[in-house]
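K.L.:
build the 3D model from these lines:
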Amino acid sequence: AIFAEEPRVFTLSVHCGENFPARKQQSDLDIALPRGVKDAEYLRVVAEALDSALSFFQPDIVLYDAGVDTHANDTLGYLEMTDDGIYERERQVIAQCIARKVAIAGYVGGGYSPNLDELAW
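P.N.:
The predicted structure is shown next:
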C-alpha cells in the first residue's frame, strides 16, 4: 500500500491465495497459489516471476521479504514448502540478483508458527 502510487517501485508477491490475512495489500504483480503447493511448483513460479520482474523493471535494488509462512508447518500460510525448499528459494533469489548485478537487502516477514526456532531456521 505504501508504494501503490509510486512508479519507481515495483512490488511482487507470490503467496497462497487463501492465506492470512484474508484481505491482502495489492502488489504490482500478485501471484496467488492454491493451497498445498510444494517446493517444485513454488520454486518454478518464483523463478519465472522474478526473472520477468527483474527483466521488465530493471531495479537498482531489491528489497526481499523472505517470508516463511510458506513452510509446511506454518498454520496460516497453507503452502507445503520444506526447509530445503525455502533454502533453495533464498538461493535462487540471491543468484538472480547477483547475476544482474542488482543489490539485494533481505529480511524475514511472515511466518506464523509459535515455534521461534522453526521461524529462524
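K.L.:
am I right that V45 falls within a helix?
P.N.:
Yes. Using DSSP: H, G, I helix; E, B strand; the rest coil, the assignment for V45 is a helix.
K.L.:
identify the residues contacting it.
P.N.:
V14, I31, L33, V37 (Cβ atoms under 8 Å, 6 or more residues apart in numbering). Any C-beta I mention is one placed from the backbone N, CA and C, and that applies to glycine too.
K.L.:
if we use 6 Å, what do you get?
P.N.:
Residues in contact with V45 (Cβ atoms under 6 Å, 6 or more residues apart in numbering) are V14.
K.L.:
one more: E90?
P.N.:
Taking Cβ under 6 Å, 6+ apart as the test, what E90 contacts is A66.
K.L.:
helix or strand for it, which one?
P.N.:
For E90, the host element (DSSP states H and E) is helix 83-99.
K.L.:
let me see the mean pLDDT of the next helix or strand after that helix.
P.N.:
Next helix or strand after helix 83-99 toward the C-terminus (DSSP H and E): strand 103-107. Over the span of strand 103-107, the pLDDT mean works out to 95.
K.L.:
before we move on, what about stretch 65-79?
P.N.:
86.
K.L.:
buried ones in it?
P.N.:
A66, G67, V68, D69, T70, H71, A72, N73, D74, G77, Y78, L79 (16 or more other Cβ atoms under 10 Å).
K.L.:
stretch 25-44 now?
P.N.:
S27, L29, L33, V37, D39, E41, Y42, L43.
K.L.:
brilliant, that's me finished.
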